[in-house]
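>>> generate a structure from the sequence data that follows.
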Amino acid sequence: MLTDRQKMILRAIVRDYTNNGMPVGSKALVEQLPVHVSSATIRNEMAVLENAGLIRKTHSSSGRVPSIQGYRYYVDHLVKPDVAKTNDIDLIKTSLGGDFQKIDEIVAQSAKILSDLTSYTTFTLKPELKDSRLSGFRLVPLGNRQVMAILVTDNGDVENQTFSVAHRVTSDQLEAVVRLINDQLVGLPLKDVVEKLKVQIPAEISRYMQQPEGFLKIFGDVLTRAAQERFYVGGRMNVLDFSEQNDIESLRSIYSLIDHTDDFAEVLGNPSNQIQVKIGDEISNNDLLRNYSLITATYDVDSHGQGIIALLGPTRMPYSKMIGLVGAFRNELARKLIDYYRHLDE
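Alright, predicted model coming up:
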């Protein structure tokens, strides 16, 4: 149990170190603390904090830096999120104010905006893709036996793929298959459509095509792209700026993790409505991210569900500023998407 003075000193050490990256000594704390305390008293209190595992000495000076446990205590008990600056809010609104054609474009742009604001690596996931429903399927002839398959979901997403049809397949057969899919699959969640595509639809389509495998593969590919959880990453190269790991293999492993959606989805877990901060080994089961912190938050888009935003940076990040910025950012992103859906429904 820390005293109020020990909490005050720990807070000052964390904020000073995250701001300038230099170990914090007792003389610097004398000047920063809002109450008058001697250097000797501060050194005694720092010894208590060190024995508690909340701060540690560095090899290069007599100053102290926060430990992982110290950061954890600070985030859990001492942090006070900063109010986002007006110019940051204006920048977010301006950057999200463009004329977007798809939800994906907004969510992808949001990852870039947040990365530019923080200089960290950011991740965004659009609202609950797995609950999307199929709202329509079309085949558009392009000539020379080329056909474009177009799949539309109820949240406005459009996926398409061009393919060649065999000479033996007629336009009447293709139209019959499109009617079959729209009659039996429209309105179903995409995960149910995927299941029916495996067990029921092949037999139905074989009534119109002798060899439906090629068409089923095309439809399945387009469907899979629409149904998959799609992360957008902003500031991939920023990892090089804040990483404390200098060996190539570690950085390669981090980039591999970032680029594999399923693996990083496991890292994110299931964020709650509250902004969450994971530090060091709390992020994953291996040591790969032990020198990093991950801030995650959901954003609520009314009946269209929740999406996720995340911020990966060093443990030495200015938590007050970043938590405040993530909170403001998710509100602006939710507002933009709600407005987009409203116009989509009109």
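
>>> and the contacts of stretch 230-250?
104, 107-108, 110-116, 118-126, 129, 251, 254-255, 258-259, 261, 264-265, 288, 291, 312-314 (C-beta atoms under 8 Å, 6 or more residues apart in numbering). All C-beta spots, glycine's among them, are computed from the backbone N, C-alpha and C.

>>> one more time with 7 Å, if that's ok
104, 107-108, 111-112, 114-115, 119-126, 129, 251, 254, 258, 261, 264, 291, 313-314 (C-beta atoms under 7 Å, 6 or more residues apart in numbering).

>>> now, of those, which are buried?
Neighbour-count burial (16 or more other C-beta atoms under 10 Å) applied to the contacts of stretch 230-250 gives 104, 107-108, 111-112, 114-115, 120-126, 129, 254, 258, 264, 291, 313-314.

>>> tell me the pLDDT of A226.
Confidence at A226, expressed as pLDDT, is 70.

>>> repeat for the one 4 residues further on
Predicted confidence (pLDDT) for R230: 72.

>>> roughly how far does it sit from K278?
In this view, R230 and K278 are 22 Å apart by C-beta to C-beta, to the nearest Å.

>>> the two: which has the busier surroundings?
Taking neighbours as other C-beta atoms under 10 Å, R230 and K278 compare with K278 leading, 22 against 16.

>>> which residues does the more buried one form a beta bridge with?
L294 (DSSP bridges).

>>> isn't it right next to Y292, touching?
No. Applying C-beta atoms under 7 Å as the test, K278 and Y292 come out as separate, 8.9 Å apart.

>>> for V169, which residues are in contact?
M209.

>>> pLDDT below threshold where in this structure?
60-61, 128-131, 155-156, 211, 225, 227-229, 245-246, 261-262, 344-346 (pLDDT under 70).

>>> what segments of it are strands?
55-57, 64-66, 121-125, 134-143, 146-153, 158-164, 231-234, 276-279, 292-300, 306-314 (DSSP state E).

>>> deepest-packed of these, please.
Most buried of the strands of the chain, by mean neighbour count (mean count of other C-beta atoms under 10 Å): strand 121-125, with a mean of 26.

>>> and that strand, what does it pack against?
Counting contacts by 3 or more C-beta pairs under 7 Å, 6 or more residues apart in numbering; DSSP states H and E, strand 121-125 packs against helix 103-118, strand 231-234, strand 306-314.

>>> can you tell me which of these is nearest to A203?
helix 103-118 (33.6 Å; C-beta to C-beta).

>>> hmm, who's touching that closest one?
88, 92, 95-96, 100, 121-124, 126, 155-157, 230, 232-235, 238, 307, 309, 311, 313, 322, 325, 329, 333, 336-337, 340.

>>> swap in stretch 74-86?
7, 10-11, 14, 66, 277, 319-321, 323-325, 327-328.

>>> surely R138 meets I150?
Yes. With contact defined as C-beta under 7 Å, R138 and I150 form a contacting pair (4.6 Å).

>>> adding distance to E45, write the helices and strands packed on strand 121-125 out as JSON lines.
Listed next are the helices and strands packed on strand 121-125 as JSON lines, based on distance: least, C-beta to C-beta, whole Å:
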{"stretch": "helix 103-118", "distance to E45": "32"}
{"stretch": "strand 231-234", "distance to E45": "41"}
{"stretch": "strand 306-314", "distance to E45": "26"}
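
>>> these: which one's closest to T58?
Nearest of these (C-beta to C-beta): strand 306-314, 15.6 Å.

>>> with adjacent residues omitted, what lies nearest to E266?
S284 (7.9 Å; C-beta to C-beta, 6 or more residues apart in numbering).

>>> give me the number of residues near that neighbour?
S284, neighbours per other C-beta under 10 Å, totals 19.

>>> what backbone torsions are found at it?
Dihedral angles of S284 (phi, psi; degrees, to the nearest 10) stand at phi -150, psi 170.
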